[in-house]
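Enquirer: with the input below, show me the fold.
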Amino acid sequence: MPSPSLAIAAITDADISAVVALWQACGLTRPWNDPASDIALARRGPSSAVLVGRDAGAIVATAMVGHDGHRGWVYYVAVDPNSQGKGLGRTMMAAVEDWLRAAGVPKLQLLVRRENAKASAFYQTLGYEESTSVMLAKWLDGREATP
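Expert: Alright, predicted model coming up:
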C-alpha cells in the first residue's frame, strides 16, 4: 500500500497535547513517565528532538530521537492507529536515521518491551537485530524499580 506523503518537522509548543494524545492512543505512555516532561527534556538541547509527521495537517506519526555522540536512541515511535499499515512508521524511522546521520552518529539503538512482538517484528523488517547486551537501569529520583 503506498505511503501518504508526510511532512516531518520538529515538534512545536502547539503540537504537545496532540502528540501526548497520540502516544496515549498507541499505548506508549506509562504512569512513571510524564510524556510532557519527556518532550520538554528532549527539546532542551541540540542532541535530541521530537519529530512529528503530518498528513493533511494532522499529526499522524512521531518519534523522539537523541544521542550521546556515539549511540543514537529512539523512543515514542507512534503511528495513529487509524493510519497504521501505510508505511508511516518506516517513514518516521528513516527520518530518525537521517537525523542521526546528520549529527554524525554511527549507531542507533532502541528498546522494545518484551511483550510487544508486533513492534519487534516491525523493527526487524527495517534491519534491526536483537542485541546481546543486557540493559540495567536505576532510578535516580528514589523511585522503586518498575517493569
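Enquirer: pLDDT below threshold where in the protein?
Expert: Residue ranges of the chain with pLDDT under 70: 1-4, 145-147.
Enquirer: show me the strands in it, by range?
Expert: Here the chain has its strands, by DSSP state E, at 7-10, 48-55, 58-67, 71-79, 107-110.
Enquirer: those strands into a markdown table, with extra columns for distance to Leu28?
Expert: Every residue, glycine included, has its C-beta placed from N, CA and C. Output for these, formatted as a markdown table (distance: least, CB to CB, whole Å):
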| stretch | distance to Leu28 |
| --- | --- |
| strand 7-10 | 18 |
| strand 48-55 | 12 |
| strand 58-67 | 9 |
| strand 71-79 | 6 |
| strand 107-110 | 12 |
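Enquirer: closest one to Ala18 among those?
Expert: strand 58-67 (4.9 Å; CB to CB).
Enquirer: neighbouring contacts of that closest one?
Expert: Contact with strand 58-67 is made by 6, 11, 15, 18-19, 22-23, 38-39, 42, 47-54, 72-80, 83, 88-89, 91-93, 95-96, 99-100, 103, 105, as judged by CB atoms under 8 Å, 6 or more residues apart in numbering.
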